[in-house]
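# heads up, no residue letters with this:
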DNA sequence: ATATAGTTTAACCATTTGGTTAAATTATAC
DNA sequence: GTATAATTTAACCAAATGGTTAAACTATAT
């Protein structure tokens, strides 16, 4: 017998535990997270963690999987293909901005896992390679810029360099604002100034990429 | 009575512990690092950790301080001021590349601390603000680009945006190679290909910045 | 109403952990 | 040679930790 109707209906204790785990891992990382704290956040007995997941490590893997799903779903929703490559770049920036606005804590856990060596992320990426819109085989975004390059609208270059240059000019700033935003006050930078700076980043990035990548 | 001659001469047990601690913190983060493991790495009795440093947290703070010093010293060594801004950008990229080549593990711990909220880094930055070459008060790099902007060689823009656009196009790739380099093989990317890609990054970055930032 | 399956809990366990201390050892000062 | 200070160690400690289990509770099937 599978899940009871009761559990199906309200999303289940397992999901509660999983989201509580995400919160705890985001805050303290794998080693710093405490199983009792996860249970506390989920308002369940600690033994339940091991009932639904076999171990702390399993919970961590499922947590990463959940985050990965959310991000892939959002990025995969990019379907429009504007004629103007700058417009496409803007859409990509907006997609990332929206992800890190809505799920800002997720990036923390991803970066944490990267720092740990990315074993689990590598597995996820490998298993889901063809879902990543930047993959060179069937990734919509990759193929879009390849086409634009063929049309002579973009300089000849490795498309990965283009994508990296685009994304890294924006993502770290969104990330830094989220993670270090409260530290800005130490340096006399108000929240308003910081938000303005982040907004400017998008414009500067598009400008740099427009001049730096497009053919004239 | 201060340190004995013996201790002064060979750099001391305290330094041995500190460097062992850096290794352990880099590998496992603050929560994952074990004091017994630090003692093992330093080949000393665990009690000595608390003899020289009052607590694990203190060791961690000293470790970050040590890393911060190394990076500030290297960045501070940038003194040349070439007439061509692209040349200056290249020097900056090379400086970062050299830091992450020589002390690649340091960036891991810095990123780890950023993810933790950066409390300790914020204090370090605040205490050493005027030593950071990008600080707007007396930072050589900041003032250099300000001057070039005045000379009309660079478009009018927030210099921080310029510096961020420059640095983030390169640093994450050096970082990723270091941290995830061994994962590349999972995706059919050899070490040679990866290193070539990283080298190309510098060229692409300079090209993007040259076209995207300089005035024509 | 009863049997069975799934879920949940209180209590427990062995191990790990950061930190401490008295004693021993080594270095230094005189 | 001796007294003192610094350094180092083995042994220890209380608390925390991930994980387990028997029993109780709830949901479902008949």
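Everything's here; your move. Every value quoted in this text rests on a predicted model; they were computed, and no experiment measured them.
# quick check, the helix ranked longest in chain A touching chain B?
As assigned by DSSP state H, the longest helix anywhere in chain A is helix A:191-213. Yes: residues of helix A:191-213 contacting chain B under Cβ under 8 Å from any Cβ of the partner chain: A:197, A:200, A:201, A:204, A:205, A:207, A:208, A:209, A:210, A:211, A:212, A:213. (C-beta placed from N, C-alpha, C; glycine too.)
# give me the buried entries from those residues.
Among these, those scoring as buried are A:197, A:201, A:204, A:205, A:207, A:208, A:209, A:210, A:211, A:212, A:213 (criterion: 16 or more other Cβ atoms under 10 Å in any protein chain shown).
# of those residues, the lowest pLDDT goes to which?
When these are sorted by pLDDT, the bottom entry is residue A:213 at 83.
# look up how far residue A:169 lies from that one.
12 Å (Cβ to Cβ, to the nearest Å).
# helices along chain A, start to end?
A:5-9, A:12-32, A:35-42, A:47-52, A:56-76, A:85-102, A:104-115, A:119-127, A:140-150, A:159-168, A:171-180, A:191-213.
# what's the longest one in contact with?
Which is helix A:191-213. Contacts to helix A:191-213, defined as Cβ atoms under 8 Å, 6 or more residues apart in numbering or on different chains, come from residues A:85-86, A:89-90, A:93-94, A:97, A:154-155, A:157, A:162, A:165-166, A:169-170, A:173-174, A:177, A:181, A:184, B:157-158, B:160-161, B:164-165, B:207-213.
# can you say which of those residues are buried?
A:85, A:89-90, A:93, A:97, A:154-155, A:157, A:162, A:165-166, A:169-170, A:173-174, A:177, A:184, B:157, B:160-161, B:164-165, B:207-209, B:211-213.
# domain-wise, how is chain A divided?
A:11-54, A:60-213 (automatic domain parsing).
# which one of these lies closest to DNA strand D?
domain A:11-54 (3.3 Å; Cβ to the nearest atom of the strand).
# just give me how far the closest one sits from the chain centre.
21 Å (Cα atoms, centre = their mean, to the nearest Å).
# swap in stretch A:165-179?
Using Cα atoms, centre = their mean, the offset of stretch A:165-179 from its chain centre is 11 Å.
# low-confidence regions, chain A specifically.
Along chain A, segments meeting pLDDT under 70 span A:1-11, A:216.
# ok, 90 please
A:1-12, A:74-80, A:100-105, A:107, A:117-118, A:174-191, A:212-216 (pLDDT under 90).
# ends of stretch A:47-67, what's the gap?
Stretch A:47-67 has an end-to-end distance of 24 Å (criterion: Cα to Cα, to the nearest Å).
# can you tell if that stretch touches DNA strand C?
Yes: residues of stretch A:47-67 contacting DNA strand C under Cβ under 7 Å from any atom of the strand: A:47, A:48, A:51.
# out of these, which is most surrounded?
Neighbour counts for the residues of stretch A:47-67 next to DNA strand C (other Cβ atoms under 10 Å in any protein chain shown) peak at residue A:48, which has 16 neighbours.
# isn't that residue right next to residue A:18, touching?
No: in terms of Cβ atoms under 8 Å, residue A:48 does not count as a neighbour of residue A:18; the distance is 11.7 Å.
# residues contacting residue A:113?
Residue A:113 sits next to A:64, A:120, A:121 when contact means Cβ under 8 Å, 6+ apart.
# residues contacting the second one?
So that's residue A:120. A:60, A:61, A:64, A:113.
# residues contacting the first one?
This points to residue A:60. Counting by Cβ under 8 Å, 6+ apart, residue A:60 has contacts A:21, A:25, A:30, A:33, A:120.
# picking that back up, with distance to residue B:37 added, can I get the helices of chain A in CSV?
Compiled in CSV, the helices of chain A are given as follows (distance: least, Cβ to Cβ, whole Å):
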stretch, distance to residue B:37
helix A:5-9, 42
helix A:12-32, 12
helix A:35-42, 22
helix A:47-52, 27
helix A:56-76, 19
helix A:85-102, 35
helix A:104-115, 18
helix A:119-127, 20
helix A:140-150, 43
helix A:159-168, 34
helix A:171-180, 27
helix A:191-213, 39
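# which of the ones you listed sits closest to residue B:126?
Closest to residue B:126 of the helices of chain A is helix A:171-180 (Cβ to Cβ; 12.4 Å).
# so what secondary structure elements neighbour that closest one?
Applying 3 or more Cβ pairs under 8 Å, 6 or more residues apart in numbering or on different chains; DSSP states H and E, one finds that helix A:171-180 contacts helix A:85-102, helix A:104-115, helix A:191-213, helix B:104-115, helix B:159-168.
# wait, which of the ones you listed is closest to residue B:81?
helix B:159-168 (15.0 Å).
# quick one: the closest one to chain centroid distance?
On Cα atoms, centre = their mean, the centre of helix B:159-168 falls 16 Å from the chain's centre.
# is it positioned near chain A?
Yes: for helix B:159-168, a contact with chain A is found by Cβ under 8 Å from any Cβ, at B:160, B:161, B:164, B:165, B:168.
# just the closest of those residues to residue A:74, please.
Nearest to residue A:74 out of these is residue B:168 (Cβ to Cβ; 21.7 Å).
# report how many residues lie close to the nearest residue to residue A:139 once chain neighbours are set aside.
Nearest residue to residue A:139, sequence neighbours excluded (Cβ to Cβ, 6 or more residues apart in numbering or on different chains): residue A:133, at 4.7 Å. Neighbourhood size, residue A:133 [other Cβ under 10 Å]: 21.
# what's residue A:133 in contact with, if anything?
A:75, A:76, A:78, A:139, A:140, A:141, A:142.
# now for the residues you listed, which pair is the farthest apart?
Using Cβ to Cβ, the two most remote members of the contacts of residue A:133 are A:76 and A:142, lying 13.2 Å apart.
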